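Chemist: would you be able to build a 3D model of this:
(one chain, ligands or ions: 1)
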Amino acid sequence: MPLKIFSLNSLVPAAIVDSIKLNSLLPEMLRPVRVKQKLKHTNLMLAGFEVEVTQKKIKHLHLKVCPPNGTVRISAPLHLSQEKIHKFALSKLAWITKQKKRMQIQPQSKPVEYTNAETHYFRGQSYCLRIIENNKIQFAELRNNQLYLQVPEGADTEIKRAVLDAWYRLQLMELIPPLIKKWELKMNVTVKHFSIRSMKTRWGSCTPKTGRIRFNLELVKKSPECLEYIVVHELAHLLEASHNNRFKELMDQYYPDWKLYRKELRSVSL
Ligand SMILES: [Zn+2]
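Modeler: Next comes the predicted model:
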């Protein structure tokens, strides 16, 4: 996936924490008073480009190349010296350069407006959007190779997006469980829970410790093979947490063409 988390101690990715925070469910008054986090912002130069460094109370180094401009950001533990951060960034230079290059050659996709005849995708196929304004019920459906979206009269982009995304989510909720079943049996692993989310930087993620897997809603627009590749990829993390050689061997064993689909997914920006 485009975003990688590098850990200081080992190559095992830092545990992915579920984004649901209990605090956010508490009313304002009941929330514990949080001590302001200590932050240190610096910039460092690396092979002619600037890297934004934020040091805070964390245990591991995180590095990301952010779309659309390829800004490089590093989060580092407070105590770590600039020299060590620079060394770390330098060790990732080849990867950073590759990511930056990829973002530059990517054409800026024009914003989706949900207008009649606009092209939308499902399972790797393109469909022409047909908007029906009707105050009765809101739904989306595929009919005669077109994607119909029934929305209230005068609905704005946000409402149209919500109706279509709800439909997309429903489709993915039906498509994923049989794939999980199939690969659980083949790989002899157990998925405890899966969820679908809109994510900006990854196609999926897995917390091996808890057996929880998250899938990006955007996968519903990709080919069935790409969706299956991500299912196999995330299930493989239940056997191997990091993207090391063992992980690649597992992927070769279970989904031999995985590199092809990885390339396909990497060719689009999220
Ligand atoms: Zn992975």
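Chemist: hmm, V65 is touching T97, no?
Modeler: No - if you go by CB atoms under 8 Å, V65 and T97 don't touch, sitting 9.3 Å apart. (C-beta placed from N, C-alpha, C; glycine too.)
Chemist: what about those two, which has more around it?
Modeler: Comparing V65 with T97 by other CB atoms under 10 Å, the one with more neighbours is V65, at 23 against 15.
Chemist: ok, L170 - how many residues close by?
Modeler: Other residues near L170 come to 13 when the count uses other CB under 10 Å.
Chemist: you'd agree G204 is up against V232?
Modeler: No - G204 is beyond contact range of V232, at 10.2 Å (criterion: CB under 8 Å).
Chemist: neighbours of V232, how many?
Modeler: By other CB under 10 Å, the residues close to V232 number 20.
Chemist: Y148 versus the closest residue to it other than its chain neighbours, what's the distance?
Modeler: Excluding its sequence neighbours, the residue lying closest to V232 (CB to CB, 6 or more residues apart in numbering) is Y255, at 4.4 Å. Y255 sits 34 Å away from Y148, going by CB to CB, to the nearest Å.
Chemist: where exactly do the strands run in the protein?
Modeler: 40-46, 49-56, 62-66, 71-77, 119-122, 125-133, 139-143, 146-151, 193-197, 204-207, 212-216 (DSSP state E).
Chemist: sorry, back to before: quick one: which of Y255 and Y148 has more around it?
Modeler: It is Y255, of Y255 and Y148, that has more neighbours when counted by other CB under 10 Å, with 21 against 16.
Chemist: returning to that earlier point: state the distance from the residue nearest to V232 to W183.
Modeler: Y255 is 9 Å from W183, where distance means CB to CB.
Chemist: what's the overlap in contacts for these two?
Modeler: V232 (CB atoms under 8 Å, 6 or more residues apart in numbering).
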